[in-house]
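K.L.:
Structure, please.
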Amino acid sequence: MSRKKFDYLIKLTYDKDYKGYVADVVNLYGCMSQGKTKKEALANVNKAIQAYMRTVTKGGRNTEFTKKTVDITIPSLSVHA
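P.N.:
Predicted coordinates for the structure are as follows:
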């Protein structure tokens with residue numbers, strides 16, 4: 001089995017009710033984890049990414065992944081005071 005490295009965008013958000021961090025993998029829909037510290041949340045989300053990828057590719061002999069770049073215009077946000 002060949003090993004490859006991929007880059008993921010992880011959004012860390014502090015949850016005051018949980019009193020810890022939620023780590024959401026932006027480019028893997030539904031893949032997230034949490035931890036009381038940033039370090040713990042990132043370690044936990046690494047495990048979640050690995051489990052996510054194992055699940056996606058499990059038995060998927062016909063599964064392919066393609067990296068695409070989409071060129072879109074994002075409107076600027078205006079702040080009204």
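
K.L.:
Show me the strands in the chain, by range?
P.N.:
For the chain, applying DSSP state E gives strands covering 10-15, 20-25, 32-35.

K.L.:
pLDDT weak spots in this protein?
P.N.:
1-2, 59-61, 63, 65, 77-81 (pLDDT under 70).

K.L.:
Spatially central residue for it, please.
P.N.:
By Cα atoms, centre = their mean, the chain has its centre lying nearest to residue 25, at 1.1 Å.

K.L.:
is that residue in a bridge, and if so with what?
P.N.:
Beta-bridge partners recorded for residue 25 (DSSP bridges): residue 10.

K.L.:
which ones are touching it?
P.N.:
By Cβ atoms under 8 Å, 6 or more residues apart in numbering, the contact set of residue 25 is 8-10, 31-32, 45, 48-49, 52. For every residue, glycine as well, the C-beta is placed using N, CA and C.

K.L.:
change it to 6 Å
P.N.:
Residue 25 makes contact with 8, 10, 31, according to Cβ atoms under 6 Å, 6 or more residues apart in numbering.

K.L.:
Residue 67 now?
P.N.:
Taking Cβ under 6 Å, 6+ apart, one finds nothing in contact with residue 67.
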